[in-house]
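Visitor: quick one, what's the 3D model for this:
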Amino acid sequence: MKKILALIFTLIIFSFSINAQNGKNFTEWITVYSDDAYPNSHKVEIAFSLGKPCTNYSFYKTRSDFQIEGGTLVFYFDFLDCDGKSQKQSVSVFLDKAKIDNYIGNWFIGSKVETPYRDVVFHDPTSNMGSAPKDNPIAIEANKEYSTQQQEKVKQKEQVQSQLKTENVRIEQLKLANIQKENQKKVSQKTNDFFNQTNDLLAANQEKQAKTTADREEQEKQEADAREERNRKLEEQKAELEAEEKRMHASGERLLEKDNRLDAAVGGIYYSKYPFKKPRDVENQNAKIKTVYYVAFCRIDNTITIMSPLSINKYSDDTWQSEADVSKKILSLFKITTKYFEELDETSERLTKLGYFIIPDDAYSAFETIKKNATNSGYAIKIVTETNNKTSKDFWNN
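Guide: Alright, predicted model coming up:
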């Protein structure tokens with residue numbers, strides 16, 4: 001327990017040291033040394049953060065704007081300790097670059113600084129200014145004391161980190177032991193639940209097997225009667241479905257026959273003479289033909305919509321549009337989709353496509369014949385025309 005308390009106390013010290021040095025509770029900067037090289041003078045300064053007497057640590061930090069390779073500045077400051085006695089603290093500042101030295105090791109136990117600096121020793125190896133530390137007794141003593149203090153602080157930090165690592169390992173081991181114990185409890189509970197459920201199932205099976213033979217026979221008889229009743233109903237439903245299928249088939253054939261008669265009457269001689277064919281079939285007749293024509297009409301109740309002759313041009317690479325592309329273009333004019341034809345009934349659209357025609361006059365003659373026959377049959381007439389029938393350069397739209 002004492003080790004844990006010491007560890008916590010040390011961690012609090014380091015935490016406070018970081019917060020204190022990064023906070024705003026330091027004194028104003030005090031100039032320790034200046035080279036007075038006006039207007040570009042350089043100086044070394046020190047600032048203090050004082051804690052409450054003998055309850056908190058106090059800290060100091062240094063600031064230098066020198067940039068002298070190998071340069072050093074060594075000095076002392078005096079402070080009062082907990083017993084009111086005057087103590088000294090050595091400070092070494094390396095002048096290799098401009099910086100603020102606020103390492104967490106810059107602390108002392110005291111609440112009042114008597115002398116912020118004294119016995120200042122400056123050394124510049126590039127110009128032989130000042131006394132070299134090795135030739136100055138004060139600098140030697142200050143560096144030695146500073147080095148001892150730093151080594152002791154590093155040693156304390158390493159001890160704290162080692163103790164903290166040991167304590168973390170112990171805590172992890174305790175956590176692992178608790179997890180294993182909890183898992184064992186869960187496994188034991190699940191095992192007990194499994195055996196209890198198994199016993200319940202065995203008891204239920206024994207109770208079921210204990211039924212009398214008469215009960216089993218009665219149950220089997222009821223099940224057989226139920227199966228027989230289900231089979232009878234299924235046979236009745238099957239007969240009804242077959243009868244309905246025959247009726248719908250006959251009705252569909254009659255409707256289809258009626259539609260075919262109506263379409264044949266409207267299409268006249270062109271209905272059977274020009275069934276829908278894909279454009280490239282024209283190659284069998286004449287490979288020099290560059291344009292073919294299609295006519296189509298769509299009956300919706302008492303209205304017949306007629307498509308004026310649609311021209312399909314041959315591509316520049318001597319290929320034709322596919323049958324699917326032509327059908328898609330015709331369907332788009334009537335604003336109906338392929339899916340719609342899967343839902344045809346006696347009042348729905350019926351689209352009849354005629355062509356191809358290789359002579360424009362034949363296509364327009366068919367168009368006029370359809371209009372005439374539709375009018376004579378009492379239908380209202382509606383005309384649709386392709387207004388943007390441009391053909392791409394070739395099959396690949398290049």
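Visitor: top strand in this protein by residue count?
Guide: Looking across the chain with DSSP state E, the single longest strand is strand 112-124.
Visitor: mind listing the strands that one pairs with, and their directions?
Guide: strand 72-80 (antiparallel), strand 129-130 (antiparallel) (DSSP bridges).
Visitor: show me which residues of that strand are buried.
Guide: Residues of strand 112-124 classed as buried by neighbour count (16 or more other C-beta atoms under 10 Å): 113, 116-117, 119-124. Any C-beta I mention is one placed from the backbone N, CA and C, and that applies to glycine too.
Visitor: remind me which residues of this structure are low pLDDT?
Guide: 1-24, 103-105, 128-147, 149-150, 153, 248-268, 336-350, 388-398 (pLDDT under 70).
Visitor: got the strands paired with strand 112-124 as a markdown table, with mean neighbour count and distance to Arg230 columns?
Guide: Formatted as a markdown table, these follow (neighbours: other C-beta atoms under 10 Å; distance: least, C-beta to C-beta, whole Å):
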| stretch | mean neighbour count | distance to Arg230 |
| --- | --- | --- |
| strand 72-80 | 21 | 104 |
| strand 129-130 | 16 | 114 |
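Visitor: between these, which gets nearest to Thr212?
Guide: strand 72-80 (104.0 Å; C-beta to C-beta).
Visitor: with only the CA atoms kept, save the helix or strand that that closest one is followed by in CSV.
Guide: Using DSSP states H and E, the helix or strand that follows strand 72-80 in sequence is strand 86-94. The C-alpha trace of strand 86-94 is given here as CSV (Å, rounded to 0.1, in the frame of the first residue of the first chain):
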residue,chain,number,x,y,z
SER,A,86,18.6,29.7,2.7
GLN,A,87,19.4,27.2,0.0
LYS,A,88,21.0,27.5,-3.4
GLN,A,89,20.0,25.9,-6.8
SER,A,90,22.5,25.7,-9.6
VAL,A,91,21.3,26.4,-13.2
SER,A,92,23.1,25.5,-16.4
VAL,A,93,21.8,27.0,-19.7
PHE,A,94,23.2,25.8,-23.1
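Visitor: from the middle of its chain, how far away would the helix or strand where Gln197 lies be?
Guide: Using DSSP H and E, the element containing Gln197 is helix 137-209. Relative to its chain's centre, helix 137-209 lies at 35 Å (C-alpha atoms, centre = their mean, to the nearest Å).
Visitor: for it, name the packing helices and strands.
Guide: If you count contacts as 3 or more C-beta pairs under 8 Å, 6 or more residues apart in numbering; DSSP states H and E, helix 137-209 packs onto helix 2-22, strand 72-80, strand 86-94, strand 112-124.
Visitor: the longest one: what's the following helix or strand?
Guide: What it means is helix 2-22. Next along from helix 2-22, by DSSP H and E: strand 30-34.
Visitor: roughly how far does the nearest residue to Ile269 once chain neighbours are set aside sit from Ile306?
Guide: Leaving out its chain neighbours, the residue that sits closest to Ile269 by C-beta to C-beta, 6 or more residues apart in numbering is Thr369, at 7.7 Å. Going from Thr369 to Ile306 by C-beta to C-beta, to the nearest Å gives 10 Å.
Visitor: tell me which of these two has more neighbours.
Guide: Under the criterion of other C-beta atoms under 10 Å, the comparison of Thr369 against Ile306 puts Ile306 first, with 21 against 17.
Visitor: domain map for the protein?
Guide: 2-164, 211-398 (automatic domain parsing).
Visitor: could I get those in JSON lines, plus columns for distance to Ile171?
Guide: Below are the domains of the chain laid out as JSON lines (distance: least, C-beta to C-beta, whole Å):
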{"stretch": "domain 2-164", "distance to Ile171": "10"}
{"stretch": "domain 211-398", "distance to Ile171": "62"}
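Visitor: which of these sits closest to Ile179?
Guide: Among the domains of the chain, domain 2-164 sits nearest to Ile179 (C-beta to C-beta), with 22.4 Å.
Visitor: ok, the residue nearest to Ile269 touching Lys273?
Guide: No - counting by C-beta atoms under 8 Å, Thr369 stays clear of Lys273, with 11.0 Å between them.
Visitor: could you say which helix or strand holds Thr375?
Guide: helix 360-376.
Visitor: mind listing what the residue nearest to Leu73 when sequence neighbours are not counted touches?
Guide: Excluding its sequence neighbours, the residue lying closest to Leu73 (C-beta to C-beta, 6+ apart) is Val93, at 4.4 Å. Taking C-beta atoms under 8 Å, 6 or more residues apart in numbering, we find Val93 in contact with 44, 62, 64, 72-74, 101.
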